[in-house]
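Colleague: pasted the sequence and its predicted model underneath.
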Amino acid sequence: MIESLLDYDVAIIGAGPAGLAAAIELKHQGVARVAVLERDAEAGGIPRHCGHPPFGMREYRRVLSGPAYARRNVERARAAGVELRLRHSVVALGEGGVIDAASPEGQVRIVAKRVLLATGARETPRSTRLISGDRPFGVINTGALQSYLYLERLKPFSRPLIVGSELVALSALLSCRRTGIKPVLMIEQAEKPLARWPLALFPRLCGVPFECSTRLESIEGRERVEAAWIRGSDEELRRIDCDGVLLTGRFVPESSLVRLSHLELDAGSGGPMIDQYGRCSDPAYFAAGNLLRPIETAGWSYREGRRIAALIARDLTDPLPRSHPGIRLQCLPPIRFCVPQRLVTPIGDGLAHLQLRTERPAKGILSVRGSAGVVWQRQVHLLPERRILIPLDRLRLAAGESGLTIELEENRERSR
Amino acid sequence: MPLKDTFLQRYDVAVIGAGVVGCAMARRFALEGARVVLLERGSDILAGASKANSAILHTGFDAPSGSLELECMQAGYREYLQIHTRFDLPLLRSGALVVAWSEEDEQRLPGILAQAHDNGVDDVSLIDRKRLRQLEPALAANARAAISVPGEHLIDPWSTPLAYLQQALAHDAKVLREAEVASGDFDGEWWRLSTARGTLMAREVINCAGLHGDRLEHRLLGRSSFTIHPRKGQFVVFDKAAARLIERIVLPVPSERTKGIVLTRTVYGNLLVGPTAEEQQERDHAALDQAVLQGLIAAAVERIPALAGVPVTAAYAGLRPATERKEYRIENYPDRHWISVGGIRSTGLTAALGIAQHVHRRYAERHRHSAVETPLWPKLPNLAEHRERDWQRPGYGEIVCHCELVTRREIDAAFASPLPPGDLGGLKRRTRVCMGRCQGFYCGARVAELSAGHFTRALAEPLVANRRGGSHGKDHADD
């Protein structure tokens, strides 16, 4: 039963870096009624439990730890007059900006002129990775580890195997180091560490052995993890004695609300389909931050939130160009996704770039092709952990264009 | 009787094994006025075969005619329909379709129809391709025909046995967890049972030890009337968005070669695919296999193409206590005051109440008590998505698990209940915490904190600040 009805100019779902930055910007732009709905008891988002630097270098011109950065974002939002509605779990997104939320005081219906979705991303859990073996306690993601350590001050294991080498794995290593957890080994399925040099040297600096081309085959343990079975480049199966398995990275947008709603979802990015204004298939909805794609830094999400908030503020007084029909963008492998997925002409001053990611390392000529041929191209070297940006103002679009294809013509010899 | 036994706790009936059958058994005997003790080796109930099943309340339409299995299923089905509202247990009247995917399948449908009629399930009907499309438009185009079984329903597989046991507890039954029965002696009148939690006396033993039933018989009777051949079943659970794709349970047409897989919604609002049927020796240990899980997903997508790309929420595996025969193995040893209930596979969730009635009738041939006149009906918290959940009512405090919308109030209630969870699995089964798509990414740590002191074995140890690098505390201190 709906207990109360609230209305806002803009309702933002998620009080992480993107959501808070957007709220602050909306207030600065003079939007009167702005609320951020956060399901947790505290605002700040994922940086709250990344108890290490560096955060906030661009936003605050100093190096902060995650929790300190999160606090600053919250303080800024409060100072700007943003209404923070904590412990509000949005359960349904309805057409035209009508959203339903649960709160400890009862269910709330929120009617907003515009809604910004900023629910972030999370790591792929064990179940979705379909890992073989037993299902004991102690197989967790970095996000969970950090909330154990920094929020609840508990230690779920002391000798884990770390799986993955994205940037977040280094964050996991730092957290382990600071809390006396001694990882027994760190493994990466790819041939090279995914985090960029010199960060890739970090595990060894921490005294943790690191092996590439090695995958986790199965987990052993009745109640708790007792061992992990791995297979390296020599194809030998090896038993690693450990008391936990830390599955890092492989982020996916937290798009379950979108999936259950009327909004279109992009299978490539895992987030909602947007145009260059950050606008979803229902023009009352916008999206920003890591919900759009896995995954960028907190700082990137912050700036993206602010940028899209400025567009929302404009849309409230001076409507943005109509969203349909737009130009659909299609990606061919190895390009995993492109955000935004739709463009509205004229290109104007929305997001400045197309953001792309590749599913594997590759070199070649990246091109954007329209009905009348190539509208942009460049020689590129693609790595899964590296974003590729295509400046939107460089696309020479033909009038009446309805679709663009992004493809990579690979160099003969496959890179790396 | 040795003098030292005079002071031991005495019961009319010791039920060994707190799976769904043991819980239903404890309830039936408690309602019939017996003093009951339920002995469980695990740290919580439902820790064996009962923790993994497809949660269907079966009509028995396809069970062997004239079998004890059919009799127990149908009696169990009827009793569940009579009592579920009193426990506030859910019933999702989904209905089922036995779908033919090939010509060979289709040829078997008339036989299935005839079998259902033989079994007294009269409301089944044959459905052609066109009608099937109307009923379940998400099914792949090669779904040729089906038999509709409107009486197949979905229930909550964990709250249900918990309700049975709570009613038994309300009528003075006792449950001992972590109480594996090590040995027992029978003196012609009394069983003297040594358990990990002490020794007790019982006039009668009901063996509901599931995957260990034959070994228990060996240990205490010196022989066994059946042999357990564990059969592993792996399941995949798709995200809640997938549950909208089908209304009814989609059952396979069984063939000689394969039993096929079931696709079904759950009362929790997910879509479940499984189980596999894999023979193995090991009895406690059901491991997942990536290739098999991928096979299940592929099979599901083949039948419901819109499942492609829908994320998997969970994968799990369980063991069914199959024996050398398909039929239930209920063995009565009147002169040993012992009844064994063996070989109860996936139909056990439905049949448990019927099995308990059947076993009690055997028992009543030698012992009688005066039945409880006014049964008490403990109400179970609702976890089913089609009914009001706790988060929909104000005052819940905090949502602990965001994926499954589990509240602090529900967790507190589970710990304060007459049978609080003994381990994390028990808490998950009572509340659904950590069972959703993030599998504890967001709530795992909070759950560890909230459960501190409640489980025999703590989930995580408190963090002791690391002196040298120990600045994690500072981040909080400078608040």
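Modeller: That came through, no problem. Numbers count the residues shown, from 1 in each chain, chains lettered A, B, ... in the order given.
Colleague: nearest spatial neighbour of residue B:242, skipping sequence neighbours?
Modeller: Beyond its immediate neighbours in the sequence, the residue positioned closest to residue B:242 (CB to CB, 6 or more residues apart in numbering or on different chains) is residue B:271, lying 3.9 Å away. All C-beta atoms are positioned from the backbone trio N, CA, C, and that covers glycine.
Colleague: quick one: the one you found and chain A, what's the gap?
Modeller: Relative to chain A, residue B:271 is positioned 13 Å away (criterion: CB to the nearest CB, to the nearest Å).
Colleague: same thing with residue B:269?
Modeller: As defined by CB to the nearest CB, residue B:269 lies at a distance of 10 Å from chain A.
Colleague: tell me the contacts of that residue?
Modeller: Residues in contact with residue B:269, defined by CB atoms under 8 Å, 6 or more residues apart in numbering or on different chains, are B:240, B:243, B:385, B:386.
Colleague: now with 7 Å?
Modeller: Residue B:269 makes contact with B:240, B:243, B:385 under the criterion CB atoms under 7 Å, 6 or more residues apart in numbering or on different chains.
Colleague: closest one of these to chain A?
Modeller: In terms of CB to the nearest CB, no member of the contacts of residue B:269 lies closer to chain A than residue B:240, at 6.7 Å.
Colleague: neighbours of that closest one, how many?
Modeller: The local packing count at residue B:240 equals 24, with neighbours defined by other CB atoms under 10 Å in any protein chain shown.
Colleague: ditto for residue A:333
Modeller: Once other CB under 10 Å is used to define contacts, residue A:333 is seen to have 11 neighbours.
Colleague: mind checking the SS state of the most centrally placed residue in chain B?
Modeller: For chain B, the residue lying nearest the average C-alpha position, counting by CA atoms, centre = their mean, turns out to be residue B:50 (3.5 Å). Going by DSSP: H, G, I helix; E, B strand; the rest coil, the secondary structure assigned to residue B:50 is helix.
Colleague: shouldn't it be in contact with residue B:20?
Modeller: Yes - assessed by CB atoms under 7 Å, residue B:50 is found in contact with residue B:20 at 4.4 Å.
Colleague: ok, back up a step: got the phi/psi numbers for the residue nearest to residue B:242?
Modeller: Main-chain dihedrals, residue B:271, degrees, to the nearest 10: phi -120, psi 130.
Colleague: so what pairs up with it in the strands?
Modeller: The bridge-partner assignment for residue B:271, based on DSSP bridges, gives residue B:238, residue B:265.
Colleague: ok, residue B:218 - contacts?
Modeller: The contact partners of residue B:218, taken as CB under 7 Å, 6+ apart, are residue B:224.
Colleague: tell me the SS of it?
Modeller: Quick answer, by three-state DSSP: residue B:218 is helix.
Colleague: quick one, grab the pLDDT at it.
Modeller: Note on residue B:218: pLDDT of 96.
Colleague: repeat that for residue B:478.
Modeller: In the predicted model, residue B:478 carries a pLDDT score of 30.
Colleague: sec struct for residue 71, please.
Modeller: Using chain A here. The local conformation at residue A:71, judged by three-state DSSP, is helix.
Colleague: tell me how far it lies from chain B.
Modeller: Distance, residue A:71 to chain B, using CB to the nearest CB: 7 Å.
Colleague: how about the residues of the stretch 201-350 of chain B that lie near chain A?
Modeller: The interface of the stretch 201-350 of chain B toward chain A, taken as CB under 7 Å from any CB of the partner chain, is made up of B:239-241, B:287-290, B:293-294, B:309, B:311-316.
Colleague: now the buried members of those residues.
Modeller: If you count burial by 16 or more other CB atoms under 10 Å in any protein chain shown, the buried members of these come out as B:239-241, B:287-289, B:293, B:311-316.
Colleague: phi, psi of residue A:394?
Modeller: Dihedral angles phi and psi of residue A:394 (degrees, to the nearest 10) take the values phi -90, psi -10.
Colleague: I'd guessed it sits against residue A:375; true?
Modeller: No - no contact is recorded between residue A:394 and residue A:375 when judged using CB under 7 Å, the distance being 8.6 Å.
Colleague: looking at the two, which is more packed in?
Modeller: residue A:375 (18 against 12).
Colleague: average model confidence for the helix or strand harbouring the more buried one?
Modeller: Using DSSP states H and E, residue A:375 sits within strand A:373-382. Per-residue pLDDT over strand A:373-382 has a mean of 94.
Colleague: got the buried residues for that strand?
Modeller: Applying a neighbour-count criterion of 16+ other CB under 10 Å, one finds A:375, A:376, A:380, A:382 buried in strand A:373-382.
Colleague: tell me which of those residues is nearest to chain B?
Modeller: Closest approach to chain B among these (CB to the nearest CB): residue A:382, at 23.2 Å.
Colleague: ok, that closest one to residue A:400 distance?
Modeller: 31 Å (CB to CB, to the nearest Å).
Colleague: is it true that residue B:301 touches residue B:312?
Modeller: No - under the criterion of CB under 7 Å, residue B:301 lies out of contact with residue B:312, with a separation of 11.3 Å.
Colleague: tell me the contacts of residue A:16?
Modeller: Counted by CB under 7 Å, 6+ apart, residue A:16 has contacts A:45, A:46, A:118, A:120, A:289, A:301.
Colleague: tabulate the buried ones among the residues of the stretch 201-350 of chain B next to chain A (CSV), appending pLDDT and secondary structure.
Modeller: What follows is these, written out as CSV (pLDDT from 0 to 100; DSSP: H, G, I helix; E, B strand; the rest coil):
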residue, pLDDT, secondary structure
B:239, 93, coil
B:240, 92, helix
B:241, 91, helix
B:287, 94, coil
B:288, 96, strand
B:289, 96, coil
B:293, 97, helix
B:311, 92, coil
B:312, 94, strand
B:313, 94, strand
B:314, 94, strand
B:315, 94, strand
B:316, 93, strand
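Colleague: need the max-distance pair from those residues.
Modeller: Every pair in those was compared (CB to CB); the two farthest apart turn out to be B:241 and B:287, at 28.4 Å.
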